[in-house]
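In: Sharing a model that was predicted from the sequence below.
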Amino acid sequence: MRSFHVESLESRRLMSATAGADSVLNDSVNYAATDAVVTPAAHQPPFELAATVPQSTFVVNPSFPQPTFQGLTVTGTYTTLVGGDFGIPYIFTGTGVSAKAGQGTLSGHVRLPGFIAFGHAKGKLTLTFGSRVLTLSVKGPKEPGFGPFPAKLFYAILDPAGNFTQRVGQVDVTLGAGHTFTFAFHPGLSG
């Protein structure tokens with residue numbers, strides 16, 4: 001009769017590909033509740049989240065003022081960086097005019113899914129109208145890793161503390177020749 005002996009191994013730390021991806025462009029959002037915690041039944045985050053983040057930890061601020069960029073179209077230029085396995089990051093800068101808010105600027109980044117079967121483009125965009133600054137957390141539809149830039153992004157406006165505000169919408173994306181882009185904003189639409 002043979003006897004088997006199980007050898008003990010030292011503990012191992014599992015590596016995460018997403019931690020490095022988010023830290024490169026500093027697009028992490030503080031999902032921990034710092035004020036009141038709302039129940040998941042009352043307020044759901046605007047788009048699906050990783051199963052590892054309990055939805056009850058989201059703070060939702062429904063009293064944040066409604067943005068005034070209905071019909072806003074922003075044009076500008078973008079650059080891409082080497083993304084490796086984390087996906088390709090796109091850096092955007094542009095300008096646009098809103099009938100209610102006037103002349104504005106846009107800056108931000110979106111990272112495409114990288115070495116993964118399926119994922120979502122994710123990032124942050126900042127819209128500035130004079131002294132008013134709006135930060136948008138953006139996410140694309142599900143797509144294969146290393147896929148093309150999505151034709152639409154969904155956004156949720158964050159309040160100054162980084163909490164979701166329930167102000168959501170869609171951005172129609174057109175990438176043109178010479179690294180140009182057009183973003184057409186549609187507040188209220190979500191996927």
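Out: Received the coordinates, thanks.
In: just the helices in the protein please.
Out: 17-25 (DSSP state H).
In: worst-scoring helix or strand of it, pLDDT-wise?
Out: helix 17-25 (a mean of 38; mean pLDDT, DSSP states H and E).
In: and the lengthiest strand in the chain, C-alpha only, in CSV?
Out: If you go by DSSP state E, the chain has its longest strand at strand 164-176. What follows is strand 164-176, C-alpha atoms only, in CSV (Å, rounded to 0.1, in the frame of the first residue of the first chain):
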residue,chain,number,x,y,z
PHE,A,164,-23.1,58.7,-8.1
THR,A,165,-25.8,61.3,-8.5
GLN,A,166,-28.4,59.3,-10.5
ARG,A,167,-27.9,61.7,-13.4
VAL,A,168,-27.1,59.4,-16.3
GLY,A,169,-26.9,59.5,-20.0
GLN,A,170,-25.4,58.3,-23.2
VAL,A,171,-22.5,59.6,-25.4
ASP,A,172,-22.5,58.8,-29.1
VAL,A,173,-18.8,58.5,-30.1
THR,A,174,-17.3,59.1,-33.5
LEU,A,175,-13.6,58.7,-34.0
GLY,A,176,-12.3,60.4,-37.1
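In: Was I right to think T126 contacts V138?
Out: No. Look at T126 against V138 with C-beta atoms under 8 Å: they stay out of range, at 10.9 Å. From N, CA and C alone the C-beta is placed, and that goes for glycine too.
In: Compare neighbour counts for those two and give me the winner.
Out: V138 (25 against 15; other C-beta atoms under 10 Å).
In: was I right about that one contacting K122?
Out: Yes. Counting by C-beta under 8 Å, V138 does reach K122; the two are 6.9 Å apart.
In: can you list residues touching both of these two?
Out: V110 (C-beta atoms under 8 Å, 6 or more residues apart in numbering).
In: Mind listing what's buried along stretch 100-116?
Out: 101, 104, 106, 108-114 (16 or more other C-beta atoms under 10 Å).
In: just those residues now: which is nearest F154?
Out: V110 (11.7 Å; C-beta to C-beta).
In: Just the CA coordinates for stretch 133-149, please, in CSV.
Out: C-alpha atoms of stretch 133-149 as CSV (Å, rounded to 0.1, in the frame of the first residue of the first chain):
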residue,chain,number,x,y,z
VAL,A,133,-17.0,71.3,-13.3
LEU,A,134,-18.8,68.0,-13.9
THR,A,135,-17.1,64.6,-13.6
LEU,A,136,-18.6,61.7,-15.6
SER,A,137,-17.8,58.1,-14.9
VAL,A,138,-18.2,56.4,-18.3
LYS,A,139,-18.5,52.8,-19.3
GLY,A,140,-19.0,51.1,-22.7
PRO,A,141,-21.1,48.1,-23.7
LYS,A,142,-19.7,44.6,-23.2
GLU,A,143,-17.2,43.8,-25.9
PRO,A,144,-14.3,41.4,-26.6
GLY,A,145,-10.9,42.2,-25.3
PHE,A,146,-8.7,44.4,-27.6
GLY,A,147,-11.9,45.3,-29.5
PRO,A,148,-12.5,48.6,-31.3
PHE,A,149,-13.5,51.8,-29.4
